[in-house]
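In: Could you look at this predicted model? Sequence included:
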Amino acid sequence: MINKVILLGRLGKDPQVKQLDNGRVVCNVTLATNDYYTDKDGNRKESTEWHNLEIWDNQARTAERFLKKGSIIYVEGKIRTDKYVDPEGQERQIKKIRVLNMQMMGAMARPEGENQRSYSPTSNQPVFENRSENADDNQNDDNVDDDLPF
């Protein structure tokens with residue numbers, strides 16, 4: 001069985017990053033992708049699809065530091081369904097994309113007050129892999145830390 005998603009789009013808001021009690025970091029952000037089609041009258045139309053992304057640990061820290069609303073990113077991940085009970089007591093579901101690999105496209109944002117030359121974009125943007133999907137997987141990832149090239 002395969003559960004794989006590949007997306008290329010623009011962030012709809014700045015990354016929302018939370019530090020969890022167990023030391024892990026999670027980032028939630030929305031990604032817009034566009035699809036184009038021709039309607040029955042021959043007019044070209046655009047349709048925007050919004051995706052909820054969930055990014056973990058080192059990639060979450062990278063997203064917080066370098067991404068902002070409007071940034072273009074390429075992501076690979078898998079679909080996850082979270083269930084919750086709303087304030088009226090109704091059980092609800094929300095679909096998320098659990099990001100496993102992320103690549104920043106175009107110019108990277110840089111932290112405020114830092115030298116631009118230290119973060120100038122290159123033609124080969126780095127790819128960031130998240131080897132641990134959740135806290136239970138940490139025992140199986142050989143405690144690999146991503147070494148960021150910047």
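Out: Right, received. Where do you want to start?
In: C-alpha only now, for contacts and for neighbours.
Out: Will do.
In: which residue packs closest to D35, ignoring adjacent ones?
Out: Nearest in space to D35, with sequence neighbours left out and distances taken as CA to CA, 6 or more residues apart in numbering, is S47 at 5.1 Å.
In: If we go by neighbour counts, what in the helix or strand the one you found falls within is buried?
Out: Using DSSP states H and E, S47 falls within strand 44-56. For strand 44-56, the neighbour count (16 or more other CA atoms under 10 Å) marks H51, N52, L53, E54, I55, W56 as buried.
In: how would you label the residue lying farthest from the centre of the chain: helix, strand or coil?
Out: Most distant from the centre of the chain: D41, at 36.6 Å, with distances by CA atoms, centre = their mean. For D41, the secondary structure call by DSSP: H, G, I helix; E, B strand; the rest coil comes out as coil.
In: Tell me who's in contact with it.
Out: D41 makes no contacts at all, as judged by CA atoms under 8 Å, 6 or more residues apart in numbering.
In: Could you say which helix or strand holds the nearest residue to Y74 once chain neighbours are set aside?
Out: The shortest distance from Y74 to any non-neighbouring residue, by CA to CA, 6+ apart, is to L8 (4.4 Å). Counting by DSSP H and E, the element that carries L8 is strand 5-11.
In: tell me the angle that strand makes with strand 44-56.
Out: With axes from the mean of the first three to the mean of the last three CA atoms, to 10 degrees as the basis, strand 5-11 and strand 44-56 are set at 100 degrees to each other.
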